[in-house]
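Participant: just need the structure, nothing else, for what follows:
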Amino acid sequence: MKFKDIEIVIADLKYPMNLGNLARTMSCSGFKELTLVRPCKDWNSLESVKFALFGKDILSSAKVVNDLNDIKDKDSVLFGFSRRIGKKRSYPIMLSDLWEFISKFDNNKDIKFVFGGESAGLTTEDLTICDHIVTIDPDIINNSLSLPIAVAMVLYEFKRSHALSGKKGQEKASRLDEGQSGVLYDNVRELLKKDKFIDNRDSRRVMAKIKNIINKLSTNEIRLLHSILKREK
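Facilitator: Here you go, the predicted model:
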């Protein structure tokens with residue numbers, strides 16, 4: 001999933017300055033798609049453009065709709081962000097868990113992050129249209145954030161979680177490569193002993209050099225040597 005494919009949706013925007021700041025944050029974070037639901041009439045004024053800086057292209061390509069239902073279809077998944085959680089609002093997803101939750105979705109799904117305007121956030125009606133509600137752990141943030149800061153926090157945390165998941169995947173692959181290298185080292189040592197190429201006296205010296213060679217091999221080269229040694233057996 002690419003960040004540019006995730007759509008940022010703002011409902012009931014009231015101040016052009018905030019929209020400019022949002023566009024700037026989106027540009028810095030790599031998010032490109034912006035939709036406005038019932039925005040103020042002067043949303044694309046000189047003020048919003050001034051605060052957008054290098055996010056001007058995001059403003060110029062923003063879509064405007066009259067209702068949140070206008071962007072909802074069978075392929076879309078809407079995540080509404082809200083601090084207020086009550087009996088009529090489903091159990092929320094914590095922001096820190098959002099990336100892991102979304103990573104399990106089909107890549108063909110259109111993911112949309114929906115934020116409410118400056119006055120009261122998302123209405124209960126708009127949250128009902130959303131498929132999931134996301135909130136920040138109340139032990140960390142215990143009151144409403146301003147719209148630009150809330151969006152910046154969400155986009156940062158989402159990208160941070162994505163980056164960490166990638167590092168974990170690399171570490172797992174690295175451990176796998178190390179395991180394959182170790183198996184190759186053991187197989188080579190057994191083969192050399194079997195053919196009496198080395199004995200206990202010079203095993204440590206020779207195998208130290210072979211280990212250095214193996215450590216420089218790529219994963220594909222290690223797999224190739226594994227295949228050759230299997231045939232030798």
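Participant: what about Asp199, how many neighbours?
Facilitator: 10 (other Cβ atoms under 10 Å). Yep, even glycine has a C-beta here, placed from its N, CA and C like the rest.
Participant: pretty sure Val77 is touching Ile129, no?
Facilitator: No: using Cβ atoms under 8 Å, Val77 is not in contact with Ile129; the gap is 11.8 Å.
Participant: so how far is Asp106 from Leu127?
Facilitator: 23 Å (Cβ to Cβ, to the nearest Å).
Participant: ok, the two, which is more surrounded?
Facilitator: Taking neighbours as other Cβ under 10 Å, Leu127 and Asp106 compare with Leu127 leading, 23 against 8.
Participant: without its sequence neighbours, what residue ends up closest to the more buried one?
Facilitator: For Leu127, ignoring the flanking residues on the chain, the nearest one in space by Cβ to Cβ, 6 or more residues apart in numbering is Gly80 at 4.8 Å.
Participant: the one you found falls within a strand, correct?
Facilitator: Yes: counting by DSSP: H, G, I helix; E, B strand; the rest coil, Gly80 falls inside a strand.
Participant: wait, Ser181 sits on Ser218?
Facilitator: No: counting by Cβ under 8 Å, Ser181 does not reach Ser218; the two are 10.7 Å apart.
Participant: who has more neighbours out of these two?
Facilitator: Ser181 (16 against 9).
Participant: mind checking how far that one is from Lys72?
Facilitator: 50 Å.
Participant: okay, now the unreliable bits of the protein?
Facilitator: Within the chain, the segments meeting pLDDT under 70 span 1-4, 85-90, 139, 142, 165-179, 200-203, 230-233.
Participant: try it again at 80.
Facilitator: 1-4, 84-91, 106-107, 137-144, 162, 164-186, 188-189, 192-208, 211-212, 214-233 (pLDDT under 80).
Participant: for this protein, which segments count as helices?
Facilitator: 16-29, 46-52, 56-60, 98-102, 124-129, 147-194, 203-215, 219-232 (DSSP state H).
Participant: which of those sits most buried?
Facilitator: helix 16-29 (a mean of 22; mean count of other Cβ atoms under 10 Å).
Participant: that one packs against which elements?
Facilitator: The contact analysis (3 or more Cβ pairs under 8 Å, 6 or more residues apart in numbering; DSSP states H and E) places helix 16-29 against strand 7-11, strand 33-37, helix 46-52, helix 56-60, helix 147-194.
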